[in-house]
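1. Structure, please.
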Amino acid sequence: MQLQPYGVWLAAASLIGILLFAVQCKQKGFKKETASWMAVTAIPLSVLISRLMYCLCRLPWFMEQGLGWFFHFTEGGFMVFGAFVGVVLAAWLTAKVTGQSFARILDMASIPGLITYGIGRIADLIAGQGYGWPIDDWFSVDAFDPEEYTGMSLFHLEDASFFEGLPFSVEDAYYGNYRWAVALFIGVAALVFAVVLWRMHARRAGSRAIMTAAVLCALTVLMESMRQDDLMRWGVVRVGQILSALVFAALLVICQLRMPRPVKRSVIIKEWISLLLSMGLVMVAEFMLEKKIVFLDFVPMDGCYVLMIIACVWLVLAVRSAWKKQDA
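-> Numbers count the residues shown, from 1 in each chain. Coordinates of the predicted model:
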């Protein structure tokens, strides 16, 4: 069987994550079998659940392919949220088998998981996925009138060759043009956040996992917005963004349940308002990107993406506000 570069890259990312997890477990005094149990459960669970979620989200198409397609792993078709669920279940099983704290094990898996995610996102480019708008369209000018700017950006460039190639863009094998390397941007951002969260001091078990999940969901929202390749959609809705919104809501509930009692109702309401407003800002940014808000259609695309980045940061800060109270 021929090895595929994308599969090799993902396998390497998983191996790095497992090794980092093992090193952390040793440093923190976990039982010796913790890393091995996590490895033998996290990988198969992540693969199977991410495949299952993909099939469920595209159920009519999947039924046309036949049930046997589920096991054709080399043909692609996975959802990153399934991998998240797989890691959480693996941490729970490992905690049960080894008789240790589920929250502490999940904390230990957070940073290795974020690093694995970052490397895996970069690998999307190998599979011809994870790219954004064409560079030519982004900075284009009218073919008949070079002085007439028709591009998507606030910045006017007649010669955009500087951005053609890594680390800015990748060549589209089908059309032969260059497109923004969105997966690379998100992957590098995940690795940077991994360092930031690694240096974060948390008092309660599970706190690091909460913030890691918030960062992962924010990066997913941003990437789903920037991508112009094959996206998982329900009609006009991007599935990744909907699932991220649900996770953000779940994280806020978890933080509020873990807060020292009693909790003022005004505090709970204020945090939910903040979260809902940030989600609303994501929706506004998406409508602006699709030029569905008529009186804002003059805003350039990069201005819309700046607004999307602000919305994603606000989402994380909305969870962090509740996180600080529960970690006190």
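2. only C-alpha atoms for contact and neighbour calcs from this point on.
-> Noted.
3. For this structure, which segments count as strands?
-> 169-171, 178-180, 233-234, 237-238 (DSSP state E).
4. possible to save those as a markdown table with mean neighbour count and mean pLDDT?
-> As requested, the strands of the chain are exported to a markdown table (neighbours: other C-alpha atoms under 10 Å; pLDDT from 0 to 100):
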| stretch | mean neighbour count | mean pLDDT |
| --- | --- | --- |
| strand 169-171 | 24 | 90 |
| strand 178-180 | 25 | 92 |
| strand 233-234 | 12 | 74 |
| strand 237-238 | 13 | 81 |
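5. any weak-confidence spans in the stretch 151-300 of the chain?
-> Scanning the stretch 151-300 of the chain for pLDDT under 70 picks out 151.
6. where along it do the helices fall?
-> 182-198, 207-226, 239-257, 265-289 (DSSP state H, counting those that start in this stretch).
7. quick one: which of the strands of the chain is nearest L219?
-> The closest of those to L219 is strand 237-238. By C-alpha to C-alpha, the value is 13.9 Å.
8. Do you know the pLDDT at P112?
-> At P112, the pLDDT value in this model is 92.
9. For the strands of the chain, give me JSON lines that also has distance to C25.
-> Formatted as JSON lines, the strands of the chain follow (distance: least, C-alpha to C-alpha, whole Å):
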{"stretch": "strand 169-171", "distance to C25": "38"}
{"stretch": "strand 178-180", "distance to C25": "38"}
{"stretch": "strand 233-234", "distance to C25": "39"}
{"stretch": "strand 237-238", "distance to C25": "37"}
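10. so which of the ones you listed gets nearest R227?
-> Nearest to R227, of the strands of the chain and by C-alpha to C-alpha, is strand 178-180 at 8.9 Å.
11. Grab the most central residue of the protein for me.
-> Nearest to the geometric centre of the chain sits T220, at 2.9 Å (C-alpha atoms, centre = their mean).
12. Next up, the contacts around it.
-> The contact partners of T220, taken as C-alpha atoms under 8 Å, 6 or more residues apart in numbering, are G240, Q241, S244.
13. does R233 have beta-bridge partners, and which?
-> R238 (DSSP bridges).
14. That one and L252, how far apart?
-> 25 Å (C-alpha to C-alpha, to the nearest Å).
15. With neighbour count as new columns, can the contacts of T220 be given to me in a markdown table?
-> Formatted as a markdown table, the contacts of T220 follow (neighbours: other C-alpha atoms under 10 Å):
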| residue | neighbour count |
| --- | --- |
| G240 | 21 |
| Q241 | 24 |
| S244 | 20 |
